[in-house]
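Undergrad: this one's sequence-less:
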């Protein structure tokens, strides 16, 4: 974690987004089943990510300092997601988010670990599409039970 002061309003808004993901997922799942819920949530997350990624395209093909500043440390200079930048050099960026208000909302709502993993899978389509639209290759390792923090993202020049 970080000792930086967190913008509480921003933190709470992002946490509330996590609750919206959960409620929408559960409603779709109840009506149409888990597979359809995952498909719809990933599709919507992807559409949002493609929109966001356009604003990061100026960082491509290899301005990883720019990606650290505008992606990894966003929003609020990293105070919300507490990025642990494990590597930042001319070949790429590796960052592990050590906090996640979205995941915290699911934990506080009493979601099972399996449901949290499923919701992270759905929400990760946003980051995947963001990085794709920004013009980078990437790998995302989603959080799994027993791990600290949340997701780990590796970003590199598009090959």
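TA: Great, that's in hand. Treat the numbers as computed from the prediction; the structure is a model and nothing was measured. Numbering: from 1, shown residues only.

Undergrad: elements contacting the longest helix seen in the chain?
TA: Criterion DSSP state H: the longest helix present in the chain is helix 8-32. On a contact count with 3 or more Cβ pairs under 8 Å, 6 or more residues apart in numbering; DSSP states H and E, helix 8-32 meets helix 34-54, helix 101-108, helix 113-134. C-betas here are computed from N, CA, C, even on glycine.

Undergrad: of all the ones you listed, which one is nearest residue 21?
TA: Counting by Cβ to Cβ, residue 21 lies closest to helix 113-134 out of those; the figure is 6.0 Å.

Undergrad: tabulate the helices and strands packed on helix 8-32 (CSV), appending mean neighbour count.
TA: Output for these, formatted as CSV (neighbours: other Cβ atoms under 10 Å):
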stretch, mean neighbour count
helix 34-54, 16
helix 101-108, 19
helix 113-134, 19
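
Undergrad: for residue 66, which of the ones you listed is the nearest?
TA: Nearest to residue 66, of those and by Cβ to Cβ, is helix 113-134 at 9.7 Å.

Undergrad: so which residue of this structure lies furthest out from the middle?
TA: Most distant residue from the mean C-alpha position of the chain: residue 31, 26.3 Å away (Cα atoms, centre = their mean).

Undergrad: how much space is there between it and residue 23?
TA: Separation of residue 31 from residue 23 (Cβ to Cβ, to the nearest Å): 13 Å.

Undergrad: what's the overlap in contacts for these two?
TA: Residues touching both residue 31 and residue 23 (Cβ atoms under 8 Å, 6 or more residues apart in numbering): there are none.

Undergrad: tell me the contacts of residue 131?
TA: Per Cβ under 8 Å, 6+ apart, neighbours of residue 131: 49, 53, 71, 137, 138, 153, 155.
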